[in-house]
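Participant: Fold the following for me, if possible:
(one chain, ligands or ions: 1)
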Amino acid sequence: MEGQFQDGKEEVIQAWYMDDSEEDQRLPHHREPKEFIPLDKLSELGILSWRLNADDWENDEKLKKIREARGYSYMDICDVCPEKLPNYEAKIKNFFEEHLRTDEEIRYCLEGSGYFDVRDENDQWIRVAVKKGGMIVLPAGMYHRFTLDTDNYIKAMRLFVGEPVWTPYNRPHDHLPARKEYVEKIINRGGNQAVEAR
Ligand SMILES: CSCCC(=O)C(=O)O
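Facilitator: Numbering: from 1, shown residues only. Predicted structure coming up:
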């Protein structure tokens, strides 16, 4: 299934298993044949996603409700492209180092596009392509990385509960409580279910 949304509107979030090639990180890196992943699978990994109206985000009731329900009091907007992001090369390199955070990573694509790569329960890379209107929440403790695609531009809203903490912990940081909690809740849960099902 290529599409995530079956109502005729444009797909703003798509996910697929990545190949192992060392080619340019900005390329899609599909497997051959392509292996798309439904949003349900992402939610099993603890990832939340929405499609919102990025053309009118200032007046968007849906965004307002999400922010209220989840306590996302902090918000800023960052442009990731060579012209607008100070220290662009260094930041792009850091974004693509596999890391985790001790809080959720909440990103809403207002313009452009980008790839958030995450690991499945077997440590396989999944590429989550986010376009204008796509909002995702990566849970605390989940290893991930970010890259622009070949269009080289994203304008993203960053949300946070309270004062933002941007510290990335590059892999391995398995001893952190946030990582332990993620593994216990998401990774081991899958394993236990598989054992019980036998
Ligand atoms: C589109 S936001 C850029 C990526 C990022 O914020 C991060 O990896 O922390």
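Participant: Relative to K91, how far out is F146?
Facilitator: Per C-beta to C-beta, to the nearest Å, F146 is found 10 Å from K91. All C-beta atoms are positioned from the backbone trio N, CA, C, and that covers glycine.
Participant: which of the two has more neighbours?
Facilitator: F146 (24 against 14; other C-beta atoms under 10 Å).
Participant: Would you quantify the distance from the residue nearest to that one when sequence neighbours are not counted to the ligand?
Facilitator: Sequence neighbours aside, F95 is the residue nearest to F146 in space, at 4.2 Å (criterion: C-beta to C-beta, 6 or more residues apart in numbering). For F95, the distance to the ligand (C-beta to the nearest ligand atom, to the nearest Å) stands at 4 Å.
Participant: likewise N59?
Facilitator: Counting by C-beta to the nearest ligand atom, the gap from N59 to the ligand is 23 Å.
Participant: Go through the one helix or strand I92 maps to and flag the buried ones.
Facilitator: I92 is located in helix 88-95, with elements delineated by DSSP states H and E. The neighbour-count check on helix 88-95 (16 or more other C-beta atoms under 10 Å) flags 92, 95 as buried.
Participant: what residue ranges in this structure score low on pLDDT?
Facilitator: Within the chain, the ranges that satisfy pLDDT under 70 run 1-9, 190-198.
Participant: Please tell me I have it right and L110 contacts V130.
Facilitator: No: using C-beta atoms under 8 Å, L110 makes no contact with V130, being 10.8 Å away.
Participant: which of these two has more neighbours?
Facilitator: V130 (25 against 20).
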